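Visitor: mind looking at a prediction? Sequence and model below.
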Amino acid sequence: MSGINEFIDNEIKTNDVVLFMKGTPQFPQCGFSGQVVQILDYIGVDYKGINVLADSEIRQGIKDYSNWPTIPQLYVKGEFIGGCDIVREMFQAGELQQHLQENGVTVRGAA
């Protein structure tokens, strides 16, 4: 495993919820990342945002890691959930909140 893969693997395994995104949770740099941030903030879940724009190795590495071509990418308890469309659909159906709670992640926002 390469150094970048180890870094990604470690981040995903040591944080309950990780969002690989363009920009930061405070300043998203693309609309899709911004939408996922809004959803996570709305349901009130703690997560770690990792800015792929800060490191081209991470930007490419996460695509290879998940075999998923686009950013953002959301991980819960080490499992790849999906990108913006999937997260939005799950959220609207109430499945995202349910999935988080089933995995022992505290959801403090509107149910």
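Guide: Yep, that arrived.
Visitor: checking Val18 next. Helix, strand or coil?
Guide: Assigned with DSSP: H, G, I helix; E, B strand; the rest coil, Val18 falls in the strand class.
Visitor: secondary structure element for the residue nearest to it when sequence neighbours are not counted, which one?
Guide: The shortest distance from Val18 to any non-neighbouring residue, by C-beta to C-beta, 6 or more residues apart in numbering, is to Tyr75 (4.5 Å). Quick note: C-beta positions are derived from backbone N, CA and C, even for glycine. Using DSSP states H and E, Tyr75 maps to strand 73-76.
Visitor: paired strands for that strand, with orientation please.
Guide: Using DSSP bridges, the strands paired with strand 73-76 are strand 17-21 (antiparallel), strand 79-82 (antiparallel).
Visitor: what residues does the longest one touch?
Guide: Outside strand 17-21, the residues within contact range by C-beta atoms under 8 Å, 6 or more residues apart in numbering are 11-12, 25, 28, 30, 33, 36-37, 40, 45-52, 58, 62, 71-77, 100, 105.
Visitor: same question, stretch 60-75
Guide: Stretch 60-75 is touched from outside by 2, 4-5, 7-9, 12, 17-22, 30, 32-33, 36, 40, 52, 59, 80-84, 87, with contacts defined as C-beta under 8 Å, 6+ apart.
Visitor: quick one: contacts for Val76?
Guide: By C-beta under 8 Å, 6+ apart, the residues touching Val76 are Asp16, Val17, His99, Leu100, Asn103, Val105.
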